[in-house]
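Trainee: return atomic coordinates for the entry below.
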Amino acid sequence: MNKGKKRRIVIKIGSNLITENENILNDSVIENLCNQISEVQDNGNEIIIVSSGAVAAGRQYLSTFNKEIKINDSYLVHKQVLASIGQPMLMKAYENFFSKNNKGISQALISREDFENRSGYLNVRNTLNELLAIQIIPIINENDVVSTDELENKAYGDNDRLSAMVANAVDADILILLGTIDGLYTSDPNLDNSAEKINFVEKISDEHINYASGPSDNTGSGGMVSKIQAANISVNSGTDMFIASGLEKNVIKRIVSGESIGTKFLAKESLNESRKRWLMTGYSSSKGEIILDDGAINAIKTSSILPAGIIDLNGNFSRGDIVGIKNSQKKIIGWGITNYSSDEIGKIKGMNTKDIVKIVNKNFGSAIIHRNNLVITI
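Mentor: Numbering: from 1, shown residues only. Prediction:
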């Protein structure tokens, strides 16, 4: 692989890829991935890994440590126990194979809450940037002992969305989601022989979202739906994203070299402003939603969101929270920082601006969301 432009690459490694039946780690696959990543780094690129597999590693460790111990995966706390036990075992496997390539690694356990406030977002960003500056490969997983959302299948989704948030935070050029399925298909290829792989997605449409209900993955907590959600975050953050099979020969090196593998989601124009990048965390961390009428939707590309254009809202949020912006068809079209709480907006929605002062306890201005605190994704 020839040296080219230095790029920042986030690689998400799914539990289905590096485990065998979610019971033991597959060392040969992990070693192969570590060798590829080491070579990609040697060519001047910066790499961050988001890895699943801690639960399987914990199960493997317990089976060798004490066969009398019984763990019931139907209990959330037992999954937390397995994740806690398995995380050092997973890191030990990575350290073993990366050290053979003279590569240093670090561990970072990150929860959704770490992205929900701007200070936490910047702390994650700054730490990862410093690690990359000294050529350390950060290996990230969700902090399952504290944050149970992923284990309950309702947060990032097998680290897919977490990897997109990490890519957002560090201004990554490429996000690669590696599993055992080699891309997005028109239907589930395991069930439908006529399913066709989609090689390139320039703009994510409702059709692509419908396709995502097909290919599934029972080993990890994600699946294709969470990968499309990750793609939405990624492309709107200015990062190209790939869905590919980690079992394909030299898949990482070939993607980085520009070869067409898996499904590529083309990034939109890069978001250079740090605040707007943070707003994109709304895909995972928004506290509610504001629904606008058609007139307000047409106006927000050049103006702030005013009470008159709001027809409804969902959720319980406070001033300063990130909220989703939806059109009258309830489709997300952007994210913003609200100047008013959900209780206050509920009282003033649909009203003329001049009437706000008669209703709210504190007047924070005429805009519910100022245009400088708004990012539109359509």
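Trainee: for Glu289, what are its contacts?
Mentor: Residues near Glu289 by C-beta atoms under 8 Å, 6 or more residues apart in numbering: Leu313, Asn314, Gly315, Val323, Gly324, Ile325, Lys326, Ile332. Heads up, the C-betas are built off the backbone N, CA and C, glycines and all.
Trainee: of those, select the buried ones using a PyMOL command.
Mentor: Buried subset of the contacts of Glu289, written as a PyMOL selection, criterion 16 or more other C-beta atoms under 10 Å:
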select buried, resi 313+323+324+325+326+332
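Trainee: ok, so of the contacts of Glu289, who is nearest Gln41?
Mentor: Proximity of those to Gln41 (C-beta to C-beta) peaks at Ile332, which lies at 35.7 Å.
Trainee: need phi/psi at the closest one.
Mentor: As for Ile332, its main-chain torsions (degrees, to the nearest 10) stand at phi -70, psi 130.
Trainee: measure the nearest residue to it once chain neighbours are set aside to Ser234 for me?
Mentor: Excluding the flanking residues, the one nearest Ile332 by C-beta to C-beta, 6 or more residues apart in numbering is Gly324, at 5.2 Å. Distance, Gly324 to Ser234, by C-beta to C-beta, to the nearest Å: 17 Å.
Trainee: do Gly179 as well
Mentor: Using C-beta to C-beta, Gly179 is found at 16 Å from Ser234.
Trainee: what's the answer for Cys34, then?
Mentor: If you go by C-beta to C-beta, the gap between Cys34 and Ser234 works out to 24 Å.
Trainee: what about the two, which has more around it?
Mentor: Ser234 (31 against 23; other C-beta atoms under 10 Å).
Trainee: surely the more buried one is within a strand?
Mentor: No. Judged by DSSP: H, G, I helix; E, B strand; the rest coil, Ser234 forms no part of a strand; its state is helix.
Trainee: on contacts alone, who are the packing partners of the helix or strand Asn314 falls within?
Mentor: Counting by DSSP states H and E, the element that carries Asn314 is strand 310-315. Counting contacts by 3 or more C-beta pairs under 8 Å, 6 or more residues apart in numbering; DSSP states H and E, strand 310-315 packs against strand 288-292, helix 342-348.
Trainee: mind listing what the following helix or strand past that strand pairs with, with the direction of each?
Mentor: Sequence-wise, the next helix or strand downstream of strand 310-315 (DSSP H and E) is strand 322-326. Paired with strand 322-326 in the same sheet, following DSSP bridges, are strand 288-292 (parallel), strand 332-337 (antiparallel).
Trainee: now the shortest one: mean pLDDT?
Mentor: Strand 288-292 shows a mean pLDDT of 94 in the predicted model.
Trainee: following it, which helix or strand shows up next?
Mentor: helix 294-299.
Trainee: packing partners for that following helix?
Mentor: Using 3+ C-beta pairs under 8 Å, 6+ apart, helix 294-299 sits against no helix or strand.
Trainee: can you tell me the SS state at the residue nearest the centre of the chain?
Mentor: Nearest residue to the geometric centre of the chain (C-alpha atoms, centre = their mean): Arg161, 2.0 Å. Under three-state DSSP, the three-state class of Arg161 is helix.
Trainee: against Ile233, how distant is it?
Mentor: For Arg161, the distance to Ile233 - C-beta to C-beta - is 7 Å.
Trainee: let me have the strands paired with strand 322-326 in TSV, extended by distance to Tyr94.
Mentor: Shown next, in TSV, are these (distance: least, C-beta to C-beta, whole Å):
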stretch	distance to Tyr94
strand 288-292	38
strand 332-337	34
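Trainee: before I go, just wanted to say thanks for your time.
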